[in-house]
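> Got a predicted structure here, sequence first:
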Amino acid sequence: MELGDAIHRRRMCRDFSDEQISPELLDRLLDLARRVPSAGYSQGFSFFVLEGADTSRFWNRTLPVEEQTRFIWPGLLRAPVIVLPLAHADTYINRYSEPDKIKAGLGTSAESWPIPYWYTDCAMAVQNLLLACTAEGLGALYFGIFRNEPELLQDLGIPVGYRPIGAVALGWPTASAGASRAEGSAATRARRPIGEVVHRGRW
Ligand SMILES: Cc1cc2nc3c(=O)[nH]c(=O)nc-3n(C[C@H](O)[C@H](O)[C@H](O)COP(=O)(O)O)c2cc1C
């Protein structure tokens with residue numbers, strides 16, 4: 001698939017079939033996801049992957065079991081893979097303490113960073129993952145973790161300092177996956193016209 005087609009076709013998927021993703025395909029997707037630019041080539045992102053029945057470890061923490069039965073997108077809970085994209089600030093602070101970067105003045109603490117690049121880079125990896133899924137015919141949803149993040153990280157043994165910027169559910173979309181999109185924000189809001197987004201020369 002051409003890159004432009006993948007960009008045009010990519011839409012968040014909230015309805016997955018039961019079909020698993022082969023280990024080879026998952027490895028390929030994760031390899032593509034990590035091939036992103038990163039500040040100072042710090043590469044301070046990691047992916048924590050839950051597969052198959054293990055995905056319930058994610059759901060049972062972030063969506064109480066009694067709420068799962070009446071969840072608006074039951075097909076999302078069937079996603080065979082959940083990836084937590086983890087940002088690690090200290091990798092950046094340490095990298096910017098190295099001789100070639102020290103002059104930037106970002107090597108002391110997270111507070112000295114006008115833009116926390118650990119989130120920027122992690123988001124780029126997420127976008128690569130979403131596009132790689134689209135190119136393979138898979139569906140994916142990037143979504144927020146709104147409940148029990150500390151407990152989740154502890155359950156999964158994720159070390160202190162690694163922060164998930166959300167979660168990515170991926171899998172094979174059902175034939176009716178488009179209907180779940182109809183309930184997402186993109187169905188009720190138009191894409192902003194390009195003239196409103198782009199400012200050339202002056203605002
Ligand atoms: C930072 C970010 C957070 C999002 N959080 C959620 C979320 O928590 N739940 C959800 O269903 N979709 C979430 N989305 C998906 C957006 O709703 C979706 O990208 C948007 O409506 C445009 O639709 P499209 O991606 O299908 O084109 C999020 C997207 C981004 C970029």
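Alright, I've got the coordinates. In this text the structure is predicted, and so the values were computed from the model without any measurement.
> List the contacts of the residue positioned nearest the centre of the chain.
Centroid check for the chain by CA atoms, centre = their mean gives Val126 as the closest residue, at 4.0 Å. Residues near Val126 by CB atoms under 8 Å, 6 or more residues apart in numbering: 33, 85, 142, 165-166, 168. Quick note: C-beta positions are derived from backbone N, CA and C, even for glycine.
> the strands in this protein, which residues?
Assigned by DSSP state E, the chain shows strands spanning 45-51, 81-88, 139-143, 162-164, 167-171.
> which stretch among those comes nearest the ligand?
strand 139-143 (3.4 Å; CB to the nearest ligand atom).
> Now do the contacts for Val83.
Counting by CB under 8 Å, 6+ apart, Val83 has contacts 30, 33, 47-50, 129, 167-168, 170.
> Which residue, other than its chain neighbours, is closest to Ser46?
Leu86 (4.5 Å; CB to CB, 6 or more residues apart in numbering).
> close enough to count as contact, that neighbour and Phe48?
Yes. In this structure, Leu86 is within contact of Phe48 by CB atoms under 8 Å, at 6.1 Å.
> where do the contact lists of these two overlap?
158, 164.
> Neighbour count: the two, which is higher?
The neighbour count for Leu86 versus Phe48, taken as other CB atoms under 10 Å, is higher for Leu86 (21 against 18).
> picking that back up, format the contacts of Val83 as TSV; extra columns: distance to Gly40.
Putting the contacts of Val83 into TSV (distance: CB to CB, whole Å) gives the following:
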residue	distance to Gly40
Leu30	22
Ala33	19
Phe47	20
Phe48	23
Val49	26
Leu50	30
Leu129	22
Ala167	26
Val168	25
Leu170	29
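> Identify the farthest-apart pair in the residues you listed.
For the contacts of Val83, the maximum inter-member distance is 15.3 Å, found between Ala33 and Leu50 (CB to CB).
> tell me how far the ends of stretch 174-186 are from each other?
19 Å (CA to CA, to the nearest Å).
> cool, and stretch 176-187?
15 Å.
> Equivalent analysis for stretch 185-203, please.
Stretch 185-203: ends 28 Å apart by CA to CA.
> which among the contacts of Val83 end up buried?
Using 16 or more other CB atoms under 10 Å as the burial test, the contacts of Val83 include 30, 33, 47-48, 50, 129, 167-168, 170 as buried.
> which among those gets closest to Arg95?
For those, the minimum distance to Arg95 (CB to CB) is 19.2 Å, reached by Phe47.
> For that closest one, give me its contacts.
Going by CB under 8 Å, 6+ apart, Phe47 touches 30, 33-34, 83-86, 125.
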